[in-house]
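Chemist: Prediction below, plus the sequence it came from.
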Amino acid sequence: MVSVSVLIEKAIANQVVSFPTDTLPALAVKPNYSQLIFELKQRSYEKPLILMTSSIEEIWQYVKGTSEELKMWQNMANKYLPGGLTMVLPASSLIPVTMNPLNPNSIGVRVPANAIAQEILKKTGGLATTSANLSGEEALTKMSEIAKKFPSVYVLDDDNQPNSKVASTVIKWTGNNWQTLRQGNIKIDN
């Protein structure tokens with residue numbers, strides 16, 4: 001278990017880290033090192049990682065669409081982010097194939113509503129993230145549990161951050177509207 005400053009330093013050095021968010025604690029790594037998370041979790045490539053950023057403004061460099069689509073995406077983001085919503089959008093060239101190996105043209109983006117997570121992401125830039133668990137197991141909700149399960153991960157020493165214990169709602173842009181892929185606490189009306 002490490003301090004915020006050590007965790008930021010390790011993330012910048014391309015190590016896998018874990019920190020609390022508003023939904024579930026995240027396993028996170030620089031996007032170009034996404035492979036490390038797939039290996040650590042024994043995760044199928046059919047399950048892409050999510051790009052977490054510190055602000056809504058930071059999202060737009062990682063996605064590409066028409067000016068009309070961008071307006072609709074920004075409206076959705078401004079309504080629900082920061083918060084428990086992940087938007088799956090067409091990926092820009094800044095997204096490495098390793099984040100979504102089976103569909104590299106698409107990326108889920110999210111801004112957590114958690115001050116510590118935002119502080120970390122401000123310093124590290126966008127990170128490839130997922131819940132902290134072995135694939136197929138329940139997501140871990142305490143930092144101390146994550147440290148025990150994943151001894152090679154630099155875990156933030158903070159078990160006092162509240163989280164909803166519910167994964168984010170995931171919606172995908174279909175080209176003309178939103179499709180809900182996973183229902184979390186946020187309900188989206190299309």
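Modeler: Cool, got the structure.

Chemist: mind listing what the residue nearest to Ser44 when sequence neighbours are not counted touches?
Modeler: Distances taken as Cβ to Cβ, 6 or more residues apart in numbering put Ser135 closest to Ser44, at 6.5 Å, once the chain neighbours are dropped. C-beta coordinates here come from the backbone N, C-alpha and C atoms, glycine included. Listed by Cβ atoms under 8 Å, 6 or more residues apart in numbering, the contact partners of Ser135 are Lys41, Gln42, Arg43, Ser44, Lys47.

Chemist: just Gly65 next, same as before
Modeler: Contacts for Gly65 (Cβ under 8 Å, 6+ apart) come out as Trp73, Leu89, Pro90, Trp173.

Chemist: on that earlier part again, which pair of the contacts of Ser135 spans the longest distance?
Modeler: Within the contacts of Ser135, two members stand farthest from each other by Cβ to Cβ: Gln42 and Lys47, at 11.1 Å.

Chemist: if we can go back for a sec, do you know how far the residue nearest to Ser44 is from Ile8?
Modeler: Plainly put, Ser135 is 27 Å away from Ile8 if you go by Cβ to Cβ, to the nearest Å.

Chemist: now do Ile37
Modeler: 18 Å.

Chemist: same check, this time on Asp189
Modeler: On the measure of Cβ to Cβ, Asp189 and Ile8 end up 38 Å apart.

Chemist: cool, Val97 as well?
Modeler: 26 Å.

Chemist: ok, now Gly184?
Modeler: Distance, Gly184 to Ile8, by Cβ to Cβ: 27 Å.

Chemist: These two - which one has more neighbours?
Modeler: Set Gly184 next to Ile8 and count neighbours by other Cβ atoms under 10 Å: Ile8 wins out with 21 against 18.

Chemist: can you tell me the helix or strand for that one?
Modeler: Using DSSP states H and E, Ile8 maps to helix 4-12.

Chemist: Strands of the protein, start to end?
Modeler: Along the chain, counting by DSSP state E, strands occupy 17-19, 26-29, 50-52, 85-90, 106-110, 127-131, 154-155, 169-173, 178-182.

Chemist: just checking, what packs against the last one?
Modeler: Taking 3 or more Cβ pairs under 8 Å, 6 or more residues apart in numbering; DSSP states H and E as contact, the helices and strands that strand 178-182 lies on are strand 169-173.

Chemist: The strand it packs on pairs with which strands, parallel or anti?
Modeler: Take DSSP bridges as the rule and strand 169-173 pairs in its sheet with strand 85-90 (parallel), strand 178-182 (antiparallel).

Chemist: between that strand and strand 106-110, how big is the angle?
Modeler: Counting by axes from the mean of the first three to the mean of the last three Cα atoms, to 10 degrees, strand 169-173 lies at 140 degrees to strand 106-110.

Chemist: That concludes my questions; thank you for your assistance.
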